[in-house]
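A.B. asks: I would like the atomic coordinates for the input below:
(one chain, ligands or ions: 1)
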Amino acid sequence: MSMFRAPKGTFDVLPPESGQWRTAHRVFEELAVQFGYGLALTPLFEDTDVFSRGVGGDTEVVEKQMYTFTDRGGRSVTLRPEATASVVRAAIQSGGVSTRLKASYWGPMFRYERPQKGRYRQFYQGGVEYLGSSSPEADVEVIEFGYRYLERMAVPDVEVRVNTIGDTADRERYSDVLRAYLHERYDHLSSDARKRVTTNPMRVLDSKVDADVVRDAPTPGQYLGKAAEDHFAAVRTGLESLAIPYTVDPKLVRGLDYYNRTVWEYVPLSYDAAQSSVGGGGRYDGLFELLGGKPTPAVGLAMGVDRILLASRPSGTSLELDAFVVVAEDTLRSEARQLVSDLRRSGIRVDMNDEPRSVKAQFKESDRRGAAHAVVVGDEWSHGDVTVKDLRTGEQRQIQVKEIETWLRA
Ligand code: AMP
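C.D. replies: The predicted structure is shown next:
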């Protein structure tokens, strides 16, 4: 029989490599709790219109990348390509946001892309949404969240690129100017860009193949109204007061349509893959209305976990276990089992082999399993002792059984 393989553009993560995924998730959850973001759980699939309306009909994601199918009930549903539209749909469905709602999510997203390093068809994002606030302080907080996450994930040399794309009226004025500029250079544009000149010219700024044509194009920042300009100034002041380094990138617009005012991306300078951003976000004050809700200002971000792990500095092998119990005398197996059970109940990460093996084989397994210590249960047990070996330093000593926990925690 032929062997099954994970579908194109997807991958499996198994132990021990999955240890770093677990860390990435844990660190994200800790940070979300510290910043006061509750948990949002939404379905992995939605009514297709949630995305075609929410993300924008003429975005690349909606035009080319959605996993859309008809279910057995004849409904058109789509695997989520991103989670913001889902969280907003859920907030509207639950009655809207009367004051503030801060929510975070974590999980797989699906986009039918051409797979390459750092670009997959199923990938993972952790994100936060700050719903109900129009204050620039909310933008600053969300930008800080992503920056701190990358700091804790040891991603080096991260540049925060920020820009503002203004309010709806500003965008309209700007789009007219940009459209005229693009029309003059129509013959040099890619076919995708040509399509967008009429419908959504700003997206052309985002197109890598058209970079030369738009090099000297006018930028949204030159057409800001007073409100958007003040907002952006306050965001920049806020970032400076938190000492978050950033650069203003006047051509930065983001792939999804729903943004207004502040947009940003995190780019690790030492990560040289073509897919350079490891996360990004923006303000999306119009999305609630697009999805049938009351006008509600909001800002959010999504961090790309796959790329963060590719870009983070390897911190040596991660320690998966505090201890591995090595049974040196087979007559002591049940005592060793009891010890493992006691240690687990006190919160120690510990394991042992479930079959008799030589001491050498068990030590090898301790290393392979990423254990910090080996705890040997042997002759010394009759005196109430075990031998503990620190597998990182090689240091070894005989201690009393009741001291193990203190020793392992030190
Ligand atoms: P977006 O939702 O397009 O704003 O993307 C936010 C982040 O998700 C990006 O900065 C990437 O790190 C990540 N990302 C987006 N698409 C993919 C993909 N196909 N594969 C892996 N990561 C992705």
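A.B. asks: Confirm for me that Arg161 is in contact with Leu252.
C.D. replies: Yes: under the criterion of C-beta atoms under 8 Å, Arg161 lies in contact with Leu252, with a separation of 5.5 Å. C-beta coordinates here come from the backbone N, C-alpha and C atoms, glycine included.
A.B. asks: And the residue of the chain that's closest to the ligand?
C.D. replies: Closest contact between the chain and the ligand, by C-beta to the nearest ligand atom, is at Gly304 (1.9 Å).
A.B. asks: List the contacts of Val327.
C.D. replies: Contacts of Val327 were listed using C-beta atoms under 8 Å, 6 or more residues apart in numbering, and they are 333, 336, 352-353, 356, 362, 377-378.
A.B. asks: which of those count as buried?
C.D. replies: Neighbour-count burial (16 or more other C-beta atoms under 10 Å) applied to the contacts of Val327 gives 333, 336, 352-353, 362, 377-378.
A.B. asks: What residues does the stretch 1-150 of the chain have near the ligand?
C.D. replies: 82, 111, 113, 118-120, 123, 125 (C-beta under 6 Å from any ligand atom).
A.B. asks: quick one: low-confidence parts of the stretch 201-350 of the chain?
C.D. replies: Within the stretch 201-350 of the chain, the stretches with pLDDT under 70 are 255, 271-275, 314-317.
A.B. asks: where exactly do the strands run in it?
C.D. replies: Using DSSP state E, counting those that start in this stretch, the strands found in the stretch 201-350 of the chain span residues 246-248, 260-268, 279-283, 298-304, 321-327, 350-352.
A.B. asks: Show me where the stretch 301-410 of the chain has its helices.
C.D. replies: 305-311, 333-345, 359-368, 404-409 (DSSP state H, counting those that start in this stretch).
A.B. asks: Same check on the stretch 1-150 of the chain?
C.D. replies: Under DSSP H, counting those that start in this stretch, the stretch 1-150 of the chain gives helices at 18-34, 48-54, 60-64, 84-93, 136-152.
A.B. asks: out of Arg161 and Leu252, which sits in the more crowded spot?
C.D. replies: A count of neighbours by other C-beta atoms under 10 Å puts Leu252 above the other of Arg161 and Leu252, at 23 against 18.
A.B. asks: got a pLDDT number for the nearest residue to Thr70 once chain neighbours are set aside?
C.D. replies: Using C-beta to C-beta, 6 or more residues apart in numbering and skipping residues adjacent in sequence, the residue nearest Thr70 is Ser76, 5.7 Å away. Listed pLDDT for Ser76 reads 96.
A.B. asks: need the contact list for Ser76.
C.D. replies: 47-49, 68-70.
A.B. asks: In ChimeraX, select just the buried ones from these.
C.D. replies: For the buried members of the contacts of Ser76, the matching ChimeraX selection, counting by 16+ other C-beta under 10 Å, is:
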select :48,68
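A.B. asks: Export the contacts of Ser76 to JSON lines and append columns for pLDDT and distance to Met3.
C.D. replies: Formatted as JSON lines, the contacts of Ser76 follow (pLDDT from 0 to 100; distance: C-beta to C-beta, whole Å):
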{"residue": "Asp47", "pLDDT": "97", "distance to Met3": "36"}
{"residue": "Thr48", "pLDDT": "96", "distance to Met3": "34"}
{"residue": "Asp49", "pLDDT": "94", "distance to Met3": "39"}
{"residue": "Thr68", "pLDDT": "96", "distance to Met3": "29"}
{"residue": "Phe69", "pLDDT": "95", "distance to Met3": "26"}
{"residue": "Thr70", "pLDDT": "97", "distance to Met3": "30"}
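A.B. asks: what would the contacts of Ser76 look like in a markdown table with distance to Gly95?
C.D. replies: Output for the contacts of Ser76, formatted as a markdown table (distance: C-beta to C-beta, whole Å):
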| residue | distance to Gly95 |
| --- | --- |
| Asp47 | 19 |
| Thr48 | 24 |
| Asp49 | 20 |
| Thr68 | 29 |
| Phe69 | 30 |
| Thr70 | 30 |
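A.B. asks: Any idea how many residues pack against the nearest residue to Leu242 once chain neighbours are set aside?
C.D. replies: Spatially, and ignoring its direct neighbours in sequence, Leu242 is nearest to Glu144 (5.8 Å; C-beta to C-beta, 6+ apart). Residues lying near Glu144 (other C-beta under 10 Å) number 16.
A.B. asks: Nice, that's everything, thank you.
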